[in-house]
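Peer 1: Got a predicted structure here, sequence first:
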Amino acid sequence: MIEERTATADEMVLAFLQAEIDSPRFGPTLLHYLAQLKSDRVTLIDNCALDNAEQNRIRAELLGWVRGYQANKWLFTGFPHDVRWRRLQIEREELTNFRYANEPSLLEVSDGSRRVTDGARNFEAGKISPDFSERVRGVTERIRSKKQFPDLIAVDAGDKTYVLVEGHTRATAYTLTKPAYPIMVLVGSSPLIQQWAFF
């Protein structure tokens, strides 16, 4: 594990949106709100400017509308406002230290352990839901064809363990393949992180 540098909440928001804009589950909703904002994905997400305060504000608002960011609801229920971010480079083997968010479908994927490696093992054994399995299979194929993805997003749980906020499918797929590039993770830390509903 290599600590690359400090990061910003704006980088986290952008990585989150970049990961979900093409998602069958969240992409259509994101595109709907982008249209309401009279913006487009190329300007705001694909080829954006992190030094543009107005773009950063709009992206945070967009993530709030879709996922509850800075609104204390949905995925971000109880998520602290004082999170400090840093960017890590990890090896595939270090995903043994990563846990899924504490959410019922992810508990089922991992037989209750929340360990990403258990989810990958259950995928290989054909023991996970068809929906999750199909998503993992699709991402695994793209990783093997050397497609790069946005950074995973996690929070620091202490004791060298991390809880995923975004990127559960990708993390599972990474454990099943050997990516041709480093795995990057944006990790958030806060003394109040255990207040997050999905910690």
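Peer 2: Perfect, thanks for sending it. Residues are numbered from 1 along each chain as shown.
Peer 1: Can you get me a residue count around the closest residue to residue 103 other than its chain neighbours?
Peer 2: Leaving aside its sequence neighbours, residue 103 sits nearest to residue 198 (C-beta to C-beta, 6 or more residues apart in numbering; 5.7 Å). (C-beta placed from N, C-alpha, C; glycine too.) As a burial measure, residue 198 scores 17 neighbours (other C-beta atoms under 10 Å).
Peer 1: show me what contacts residue 198?
Peer 2: Residues near residue 198 by C-beta atoms under 8 Å, 6 or more residues apart in numbering: 75, 77, 101-103, 163, 165.
Peer 1: how much space between residue 26 and residue 177?
Peer 2: Distance of residue 26 to residue 177, computed by C-beta to C-beta, to the nearest Å: 23 Å.
Peer 1: Could you list the domains of the protein?
Peer 2: Taking automatic domain parsing as the criterion, the chain consists of the domains 9-76, 84-195.
Peer 1: From residue 170, how far out is residue 141?
Peer 2: According to C-beta to C-beta, residue 141 and residue 170 sit 13 Å apart.
Peer 1: Please export the C-alpha coordinates of stretch 91-105 as CSV.
Peer 2: Extracted C-alpha coordinates of stretch 91-105, given in CSV (Å, rounded to 0.1, in the frame of the first residue of the first chain):
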residue,chain,number,x,y,z
GLU,A,91,-2.2,-4.3,-4.5
ARG,A,92,-4.9,-6.7,-5.3
GLU,A,93,-4.0,-8.8,-2.3
GLU,A,94,-4.6,-5.9,0.0
LEU,A,95,-8.3,-6.1,-0.8
THR,A,96,-8.4,-8.6,2.0
ASN,A,97,-8.5,-5.6,4.3
PHE,A,98,-11.6,-4.2,2.6
ARG,A,99,-15.2,-4.7,3.8
TYR,A,100,-18.5,-4.1,2.0
ALA,A,101,-20.8,-1.4,3.4
ASN,A,102,-23.2,-2.7,6.1
GLU,A,103,-26.1,-3.2,3.8
PRO,A,104,-28.4,-6.3,3.6
SER,A,105,-27.7,-7.3,0.0
